[in-house]
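**Q** generate a structure from the sequence data that follows.
(one chain, ligands or ions: 1)
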Amino acid sequence: MSMYDIIEFTYNCPHCDYILTQFQSKDASRLMLTLEPSDVSNFYTVCPKCKAFIEFNAIEKPIYSKFSLIVSKNGETTWNKHVTIIGGEVVE
Ligand SMILES: [Zn+2]
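**A** Model prediction:
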C-alpha cells in the first residue's frame with residue numbers, strides 16, 4: 001500500500017476551476033500526517049473532475065515557498081509556471 005502525507009492546500013484546477021482542497025506528498029513521513037506546502041518539496045493531486053495531474057515542485061531550499069507548478073492532462077504538459085506559496089495560499 002502506497003503511503004503519503006496530506007498537504008492542506010487549496011487551489012483551483014487550471015483546467016476546469018474545480019476547487020482542489022487536498023494534495024499528497026511522499027517527501028516527508030508518509031504516515032498520513034497533515035502538512036503544509038512549506039513542509040515538503042513536492043506535492044500533487046489529480047483533479048477528480050477533469051483528471052488533470054497538478055504538481056508543485058519546490059525551487060528554493062530549505063525554505064519551500066517558491067514552487068514550479070506543472071499541470072498535465074493526457075500525458076501532455078498544459079501548465080508550467082513558477083508560483084509562490086505563503087501561509088497555504090498561492091501569492092502569484
Ligand atoms: Zn480539473
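**Q** I'd guessed residue 49 sits against residue 12; true?
**A** No: with contact defined as CB atoms under 8 Å, residue 49 and residue 12 do not form a contacting pair (11.0 Å). To be clear about C-beta, it is placed using only N, CA and C from the backbone, and glycine gets the same treatment.
**Q** other residues contacting stretch 33-40?
**A** 5-9, 23, 25, 27-28, 43, 56, 58, 63-65, 67, 85, 88 (CB atoms under 8 Å, 6 or more residues apart in numbering).
**Q** weed out the non-buried ones from those.
**A** 5, 7, 9, 23, 25, 27, 43, 56, 58, 64, 67, 85 (16 or more other CB atoms under 10 Å).
**Q** on that earlier part again, list the residues that contact both of residue 49 and residue 12?
**A** residue 18.
**Q** before we move on, back to that, of the contacts of stretch 33-40, which ones also sit close to the ion?
**A** Among those, no residue lies close to the ion (CB under 5 Å from the ion).
**Q** can you pull the residues of this protein lying near the ion?
**A** 13, 15, 16, 18, 47, 49, 50, 52.
**Q** any chance of those residues in JSON lines, plus secondary structure?
**A** Below are those laid out as JSON lines (DSSP: H, G, I helix; E, B strand; the rest coil):
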{"residue": "13", "secondary structure": "coil"}
{"residue": "15", "secondary structure": "coil"}
{"residue": "16", "secondary structure": "coil"}
{"residue": "18", "secondary structure": "coil"}
{"residue": "47", "secondary structure": "coil"}
{"residue": "49", "secondary structure": "coil"}
{"residue": "50", "secondary structure": "coil"}
{"residue": "52", "secondary structure": "coil"}
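**Q** what's across from residue 71 in the sheet?
**A** Beta-bridge pairing of residue 71 under DSSP bridges involves residue 54, residue 79.
**Q** which of the contacts of stretch 33-40 fall in strands?
**A** Residues of the contacts of stretch 33-40 located in strands (DSSP state E): 5, 6, 7, 8, 9, 23, 25, 43, 56, 58, 67, 85.
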